[in-house]
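Participant: Make a model of this:
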Amino acid sequence: MGSAFRLIVGVPGAALITGVLFLFMSAMIANRDLDLDEASSVNINVTAQIEDTDLSSQRKEFQRPTLDAPPPPPPAVNDPSNRPALDGVRAQVPTINANLSIGSGFNPDRDAQPLVRIPPQYPDRCQGRAGESENVVLQFDVTPDGQTTNIQVIDTTNSCFNGAAVRSVQRWKYQPKIVDNQAQWRRGVVTQITFNLAEE
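Facilitator: Have a look, this model is predicted:
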């Protein structure tokens, strides 16, 4: 509705204003007399004039740049007294009367070393009759393959934990003992396993 109203009112209003302006401008042109004299006329030349440039005046002689001269060589010294002595310092090498055997510095022999130590599981049947900390001391051998064998309990604070300690040591892995670059048995390895009730 608003756009239709603006169209109905705006189109006749615009036509009326355009007509009034047209009549006003035509009246102004009709009342003004302009005298155009030739003196007041303006000449506009559209064609551009190209002037030839003299290239001979712009051509210059090409000159190569002058390079710096290399420095002169150092003067030669012909005085033989100015030469350094090439004899050096002469000294007698001392003799040492000692029989030392330093060896090669590398000893491949080594004792058995643990690789994998699996901690034991706290036995459920021992919880009611165990103290806060129980210890089991074990003795075993290490084969040339790094396996544990001949596992024996040599001391314990509670025999209820002996089985769990033995089962744990059975799963341990070792680097075998090396003597003269050969894997050997390592016998009599002693270890202690501690069971703490607070950790469970």
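Participant: What are the buried residues along the helix or strand hosting I178?
Facilitator: Taking DSSP states H and E as the definition, I178 sits inside strand 177-179. By neighbour count with 16 or more other Cβ atoms under 10 Å, strand 177-179 contains the buried residues K177, I178. Placement of C-beta: from N, CA and C, glycine included.
Participant: Tell me which strands whichever helix or strand comes after it pairs with, and in which orientation.
Facilitator: Going down the chain from strand 177-179, the next helix or strand is strand 182-184, by DSSP H and E. Paired neighbours of strand 182-184 in the sheet (DSSP bridges): strand 177-179 (antiparallel).
Participant: Other residues contacting the partner strand?
Facilitator: P108, D109, R110, D111, A112, V142, P144, A183, Q184, W185, R186 (Cβ atoms under 8 Å, 6 or more residues apart in numbering).
Participant: Next, the contact list for the second one, please.
Facilitator: If you count contacts by Cβ under 8 Å, 6+ apart, D109 has them with I178, V179, D180.
Participant: Turn the buried ones among the contacts of strand 177-179 into a named ChimeraX selection, would you?
Facilitator: Applying 16+ other Cβ under 10 Å to these, the buried members can be selected in ChimeraX as follows:
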select :112,142,183,184,186
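Participant: Present the contacts of strand 177-179 as a markdown table; the columns should include secondary structure, distance to N78 and pLDDT.
Facilitator: Listed next are the contacts of strand 177-179 as a markdown table, based on DSSP: H, G, I helix; E, B strand; the rest coil; distance: Cβ to Cβ, whole Å; pLDDT from 0 to 100:
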| residue | secondary structure | distance to N78 | pLDDT |
| --- | --- | --- | --- |
| P108 | coil | 65 | 69 |
| D109 | coil | 69 | 76 |
| R110 | strand | 70 | 83 |
| D111 | coil | 74 | 85 |
| A112 | coil | 78 | 86 |
| V142 | strand | 82 | 93 |
| P144 | coil | 80 | 92 |
| A183 | strand | 76 | 89 |
| Q184 | strand | 77 | 90 |
| W185 | coil | 82 | 92 |
| R186 | strand | 80 | 91 |
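Participant: longest single helix anywhere in the chain?
Facilitator: When the chain is parsed with DSSP state H, its longest helix is helix 2-31.
Participant: Ranking helices and strands of this protein by mean pLDDT, which lands last?
Facilitator: Taking mean pLDDT, DSSP states H and E as the measure, the chain has helix 55-58 as its least confident helix or strand, at a mean of 60.
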